[in-house]
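Enquirer: Dropping the sequence and predicted coords here.
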Amino acid sequence: MTVRAGTFLRLSCAALFLSVGVGSMAASTELPPPSEAPLLTVDGEIAVTSDGTRAVFDLPMLRSLPQQKFSTSTVWTEGVHEFAGVPLRALLDSLGVAEDASVSATAINDYAVEIPAEAIEDDAPIIAYEIDGAAFSRREKGPLWIVFPFDLSERYRTEVKYGQSIWQLDRLTVHP
């Protein structure tokens, strides 16, 4: 396997970030309370909580996590849009969730979907909190929407992935 110097440097920096980040995360099992209106509640098999049983995030807290952006079309919108948000894997990692855990995602209207562990990659899906550089409202499928980079690969353009792309997300439950 050939690894270019730039790739090696990026991988080394990522490993350092993860070892420092995971070490400091393990020391703290308490998430600070949201300072703005809560947008997302996570419960279940998590190590880091806001109140001992669940983690509650507002928009600034979500923005403080690693971010991912991509442009893609969707079957629900016209044209290509840029989505920005936190990768689901990064959010789960920040809460000390096991790599093999699955997630139940639930919307404001109680619509729920299961996202198995094998569908949660490092960069996809994201929990989008911006579309085309701006926050989006409930009317626009927000304020949070699980989005895959559909235009990147055929593997994202399946009925299963479309079904997992829940909008108006407000709750996640982590299962072992």
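Expert: Here it is on my side, so go on. Predicted model only: the values in this text are computed from it and were never measured.
Enquirer: which stretches of this protein aren't confidently modelled?
Expert: The model of the chain has pLDDT under 70 over residues 1-28.
Enquirer: what about the strands in it?
Expert: For the chain, the strands defined by DSSP state E occupy 40-44, 54-57, 68-73, 80-87, 102-107, 112-115, 126-131, 145-147, 169-175.
Enquirer: buried sites along the longest one?
Expert: Buried residues in strand 80-87, counted by 16 or more other CB atoms under 10 Å: 81, 83-87. Placement of C-beta: from N, CA and C, glycine included.
Enquirer: How is this structure partitioned into domains?
Expert: Listed by automatic domain parsing, the domain ranges of the chain are 1-29, 31-175.
Enquirer: Could you look over those domains and pick the most buried one?
Expert: domain 31-175 (a mean of 17; mean count of other CB atoms under 10 Å).
Enquirer: How far does it stretch from one end to the other?
Expert: End-to-end distance for domain 31-175: 20 Å, by CA to CA, to the nearest Å.
Enquirer: which one is Glu30 nearest to, not counting chain neighbours?
Expert: With sequence-adjacent residues excluded and distances taken as CB to CB, 6 or more residues apart in numbering, Glu30 is closest to Thr49, at 6.8 Å.
Enquirer: Now do the contacts for that neighbour.
Expert: 29-31, 55, 95 (CB atoms under 8 Å, 6 or more residues apart in numbering).
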